[in-house]
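Asker: Here is my input, please return the structure:
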Amino acid sequence: MMDYFAAIRAFLQVSELGSFSKAAQRLEVKTSTISRQINALEQDLGITLFNRSTRGIRLTEGGHRFHDHALKVMDTLEEARSATSRLNEAPQGKLRIALPRAYGKLWIVPHLSAFMEQFPYIDLDIVFSDHALNLIDAELDLAVRVGRLNNSRLVARKLAPHHRVLCATPAFARQYGLPQHPDQLADFPAVRLGSMDEEHWWLSQPDNTRIPLHLHGRLRVTDDEAILQLVMTNKVMALLPQWLVAQPLHKGMLIQILSDWHVTEGSSSSRQGDASAVWVVYTQKKTVSSKVRAFIDYFSAVLKTD
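Answerer: Sure, this is the predicted structure:
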């Protein structure tokens, strides 16, 4: 099958230089290759493109007409190539991103204005969803996800740590006291995360001591922000993401419970608690676009310092 664009390039070079051999030299191919491409082009068009004589090569009437259109086609192709290549030189174009609701609003949205100032040619299209959307079906360039990743063909890069802490308000502590050991957790009212498999959460210490984490309470809720609101009523304690309660803890609105114990996720034999993190994921490609790299590099730096 004829490479039409290669044949057009050969045709334009021959028409410019008036010689098959000179065209072959410029394109760094054999003269026989040029001759074969021109012959294939003429057979496809059903016309003779060149008048060949001992004095040289000249375009026929049909050759002149084809030349004008072919030149426009190649110019348009070059413009398309250059425009596309520039996308990877300076970050630009629409960047469509999926963000988890709570984390996105708390940690990503506050930095979007600064990001757009630094990258003035990137337009952002933000989709908030707590579901793991299919990036291709949803036409997403990337997504931020919190927790442990399922096995997939997506490329994943860690943006920030993610772990949970036990916490309650100072008023709760005054009314109920605080547990001093994981075995005492059953004596305190708690709100539990409805989607959490409690058999896979553990409290651990540096000496490899691990104790199953069991909270007790009549209320289960599937949303971390709602659980935080319930904790702020001073009636319950809860296991919440550290990134969600960082500011209330810093301001003294919350107290961390059993702070010398680290919450990990996994089976009784698992040591893979660190697999839970804040991730940015994107589809696997030979070349990652500069706009995707810009987002990842910017927020990797920002979230490490916040």
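Asker: May I have the phi/psi pair for residue 162?
Answerer: Dihedral angles of residue 162 (phi, psi; degrees, to the nearest 10) stand at phi -140, psi 120.
Asker: who touches it in this structure?
Answerer: By CB atoms under 8 Å, 6 or more residues apart in numbering, the contact set of residue 162 is 146-147, 241-243, 276-278. The C-beta positions use only the backbone N, C-alpha and C, and glycine is treated the same way.
Asker: now the residues you listed as a markdown table including neighbour count?
Answerer: Shown next, in a markdown table, are those (neighbours: other CB atoms under 10 Å):
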| residue | neighbour count |
| --- | --- |
| 146 | 23 |
| 147 | 15 |
| 241 | 22 |
| 242 | 15 |
| 243 | 21 |
| 276 | 20 |
| 277 | 18 |
| 278 | 21 |
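Asker: Which of the residues you listed scores worst on pLDDT?
Answerer: Here the lowest pLDDT out of those sits on residue 276, with 84.
Asker: could you point out the longest helix in this protein?
Answerer: In the chain, with assignment by DSSP state H, the single longest helix is helix 61-87.
Asker: in the stretch 51-200 of the chain, which spans are strands?
Answerer: 56-59, 93-99, 122-128, 142-147, 155-161, 164-168, 191-193 (DSSP state E, counting those that start in this stretch).
Asker: what's the closest of these to residue 248?
Answerer: For the strands of the stretch 51-200 of the chain, proximity to residue 248 was assessed by CB to CB; strand 164-168 is nearest, at 7.9 Å.
Asker: Give me the below-cutoff pLDDT ranges for the stretch 201-306 of the chain.
Answerer: Low-confidence segments of the stretch 201-306 of the chain, defined by pLDDT under 70: 266-274, 286, 305-306.
Asker: ditto for the stretch 51-200 of the chain
Answerer: For the stretch 51-200 of the chain (pLDDT under 70), the answer is 82-89, 151, 195-199.
Asker: about what we covered before: now, the most widely separated pair of the contacts of residue 162?
Answerer: Checking the contacts of residue 162 with CB to CB, the most distant pair is 147 and 242, at 12.9 Å.
Asker: picking up where we left off before, please identify the buried residues of the longest helix of the chain?
Answerer: Buried residues in helix 61-87, counted by 16 or more other CB atoms under 10 Å: 63, 66-67, 70.
Asker: For the residue in the chain sticking out farthest from the centre, what are phi and psi?
Answerer: For the chain, the residue at maximal distance from the C-alpha centroid (CA atoms, centre = their mean) is residue 54, at 62.1 Å. Dihedral pair for residue 54: phi -70, psi -20, per degrees, to the nearest 10.
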